[in-house]
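Engineer: missing the sequence, but the structure's below:
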């Protein structure tokens, strides 16, 4: 993968993670119609809490992955520029 492609992929990861409505799936479960004194309501709320936490962690991991791809692209460019400088210096020696 080329540095530009790494950088684009990293930006796409971060954008995708930031676009996820973290609370939406959990809100749908919380809003379920259940019997007032039943056990399904608390169970649904617990499930919603776990989903919300899991989605938030997934999004954070995806942002971190995107940032890592961007850092890899920057490191690749720096290494390439350093190598070009070294080779140019070697070529200019008498």
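Structural biologist: Nice, I can see it. As the structure is a prediction and not an experimental result, all values here were calculated from the model.
Engineer: distance of residue 19 from residue 66?
Structural biologist: Between residue 19 and residue 66 the distance, using CB to CB, to the nearest Å, works out to 12 Å. For the C-beta atoms, the positions are set from N, CA and C on the backbone; glycine is no exception.
Engineer: same question for residue 93.
Structural biologist: For residue 93, the distance to residue 66 (CB to CB) stands at 42 Å.
Engineer: more neighbours, those two?
Structural biologist: The neighbour comparison of residue 93 against residue 66 (other CB atoms under 10 Å) goes to residue 66, with 21 against 5.
Engineer: what is the helix or strand hosting that one packed up against?
Structural biologist: For residue 66, the host element (DSSP states H and E) is helix 40-91. Contact analysis of helix 40-91 by 3 or more CB pairs under 8 Å, 6 or more residues apart in numbering; DSSP states H and E lists helix 3-19, helix 24-30 as its packing neighbours.
Engineer: chain center to stretch 7-24: distance?
Structural biologist: For stretch 7-24, the separation from the chain centroid amounts to 6 Å (computed by CA atoms, centre = their mean, to the nearest Å).
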